[in-house]
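1. Using only what follows, build the 3D model:
(2 chains)
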There are 2 protein chains.
Amino acid sequence: VMDGSDTRRGQPSVHRRFALIHEKASWSGSANAFGEGAAILLGDLALTWADEMLFLSGLPDVALLHAKPTYDRMRIELMAGQYLDLLEQARGGGSVERALRVARYKAAKYTVEGPLHLGGSLAGAPPNLLASYSAYGLPLGEAFQLRDDLLGVFGDPEVTGKPAGDDLREGKRTVLIALAEERATGAQRSLIRRHLGDPSLTAAGVADLREVLSDTGALAHVERLIATLTETAVEALSDIRDPARSVLADLALAATTRRG
Amino acid sequence: VMDGSDTRRGQPSVHRRFALIHEKASWSGSANAFGEGAAILLGDLALTWADEMLFLSGLPDVALLHAKPTYDRMRIELMAGQYLDLLEQARGGGSVERALRVARYKAAKYTVEGPLHLGGSLAGAPPNLLASYSAYGLPLGEAFQLRDDLLGVFGDPEVTGKPAGDDLREGKRTVLIALAEERATGAQRSLIRRHLGDPSLTAAGVADLREVLSDTGALAHVERLIATLTETAVEALSDIRDPARSVLADLALAATTRRG
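-> Numbering: from 1, shown residues only, chains lettered A, B, ... in the order given. Take a look at the predicted model:
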């Protein structure tokens, strides 16, 4: 699934790499169109290869057939989440609830709940254990995404590999932004409207926007949300046995306190 | 897999449909970028749904597990073929051999050989029957694609659902075009270079290009190729029993003599 940005962890993204091949060879037509077409195909190929790898893993047939519906649901929910995200960006944001739903489908289900369910169903986990994975995975995944949103605005470029304030230039409609808009004064709201999504936003503009996100209390609110969600996730671990329990407790900490 | 054109069988294509929703709602950002993003996600979703449908078909587990590698190879070859096509367009054509290879991977394997192998492997067909399917399916699939190329240039818009000469305006690098370039005089070659891929090409320009494709003998050559390939395909049916044999003979005729 392509996210459209030209860089990825500080390196040219897939579509840019193909476009650069095109430019270097002085081929005909648009280098960007070639890059996008090739990136779409590589995405389709990766989707197929991932599925193929599961079936070539050497796991017993009965486990594979048992896990397949879980794997499919995971992929379908991810695509739904990506579409909700696309839609939210197009609508220009404006709803904390919708931004949280995007985080749930795009990140929480795919990044934490889904992989736990996949492993669980491959190993024949009983329904109550899968339910505990959800009780742990969904809030943790949301907290993980909220941390990502904060890093996209306040993160250290040396650690994140993305230019400072990248999400602001891109105009990403996150929970952080929706909260700030909800609480902004008239002057703060017009500053957000002016700067958010401006691709040529200067360092000073980034600093102004950061100030609004902080002054409105949106930053502190997101930090509290992360703490509460992480706490809820860790509490759900009481139903899970060691060594899984302590590994998952470590994961909760790593996913929500990371700096990049 | 998106092909980038704005219409599909005379109707707006998927990315245009999403772009129109965006325009109607007066959302922010680019309607085309939204349309393309949504179309990519729908493509990913369709790829996943197709795979899911196979496993929800109710066929025996052993058949599904036996057919899965065939299905994966089919999808992977299609993506390779689409990429070869993209590459050939970017390189600006110039090779009959490469254009034929695109037809083999993009159309012959996916449209005819693959489906026969999929059905065969689901039903536990022996290797020699699968080999006969290839001997029938590959030449037939190539003939099918060559017919498609002719229809894209000489087809009746009423039947094909595409504007007349659509492939010429798009600048598609087909076997037909590669053959014409190989045989063209200097004047014919510069006419091809001037008109092929011109999105605003007039009906008169389309007529001029058609004349070159006909006068160089490329049109007749492609018709002969279609006839030879179809003959080869039908000959391979001698190893296949009825009723499959007669159904496949009818299919060979339908796929290569169609008008739209």
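2. you'd agree A:P12 is up against A:F18?
-> No. Assessed by Cβ atoms under 8 Å, A:P12 is found out of contact with A:F18, at 9.6 Å. Yep, even glycine has a C-beta here, placed from its N, CA and C like the rest.
3. Give me the more crowded residue out of the two.
-> Ranked by neighbour count (other Cβ atoms under 10 Å in any protein chain shown), A:P12 and A:F18 place A:F18 first, with 25 against 14.
4. pLDDT score for that one?
-> With respect to pLDDT, A:F18 has a value of 92.
5. Same check on A:R259?
-> Value for A:R259, per-residue pLDDT: 80.
6. give me every residue that touches it.
-> A:R259 is in contact with A:L151, A:G155, A:D156, A:V159, A:T160, counting by Cβ atoms under 8 Å, 6 or more residues apart in numbering or on different chains.
7. Keeping just the C-alphas, turn the helix or strand hosting A:V222 into CSV.
-> If you go by DSSP states H and E, A:V222 is part of helix A:218-235. Extracted in CSV, the C-alpha atoms of helix A:218-235 (Å, rounded to 0.1, in the frame of the first residue of the first chain):
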residue,chain,number,x,y,z
ALA,A,218,-3.7,18.8,22.3
LEU,A,219,-0.2,17.6,22.9
ALA,A,220,-0.7,16.9,26.6
HIS,A,221,-4.1,15.3,25.8
VAL,A,222,-2.5,12.9,23.3
GLU,A,223,0.2,12.0,25.8
ARG,A,224,-2.5,11.3,28.4
LEU,A,225,-4.4,9.1,25.9
ILE,A,226,-1.2,7.2,25.1
ALA,A,227,-0.6,6.6,28.9
THR,A,228,-4.2,5.5,29.5
LEU,A,229,-4.4,3.2,26.4
THR,A,230,-1.0,1.6,27.4
GLU,A,231,-2.3,1.1,30.9
THR,A,232,-5.4,-0.6,29.6
ALA,A,233,-3.3,-2.8,27.3
VAL,A,234,-1.0,-3.9,30.1
GLU,A,235,-3.9,-4.6,32.4
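8. so what does it touch, helix or strand wise?
-> For helix A:218-235, the packing partners by 3 or more Cβ pairs under 8 Å, 6 or more residues apart in numbering or on different chains; DSSP states H and E come out as helix A:127-154, helix A:175-183, helix A:244-257.
9. Show me the shaky parts of chain A.
-> A:1-5, A:9 (pLDDT under 70).
10. Swap in 90 and give it another go.
-> Residues of chain A meeting the criterion pLDDT under 90: A:1-14, A:25-30, A:33, A:92-94, A:106-107, A:155-167, A:170, A:239, A:258-260.
11. got the residue ranges for the strands in it?
-> A:7-8, A:11-12 (DSSP state E).
12. For the last one, which outside residues touch it?
-> The list of residues contacting strand A:11-12 from outside it, by Cβ under 8 Å, 6+ apart, reads A:D6, A:L20.
13. What strands flank it, and is each parallel or antiparallel?
-> strand A:7-8 (antiparallel) (DSSP bridges).
14. contact partners of the partner strand?
-> A:S13, A:V14, A:R16, A:K162, A:P163.
15. again, only this time at 6 Å
-> Contacts to strand A:7-8, defined as Cβ atoms under 6 Å, 6 or more residues apart in numbering or on different chains, come from residues A:S13.
16. how about stretch A:185-194, does it reach chain B?
-> No. Residues of stretch A:185-194 contacting chain B under Cβ under 6 Å from any Cβ of the partner chain: none, with a closest distance of 10.6 Å.
17. Give me the buried positions along that stretch.
-> A:Q188, A:R189, A:L191, A:I192 (16 or more other Cβ atoms under 10 Å in any protein chain shown).
18. how far is the helix holding A:V222 from where the chain is centred?
-> When C-alpha coordinates are averaged (Cα atoms, centre = their mean, to the nearest Å), helix A:218-235 and its chain have centres 17 Å apart.
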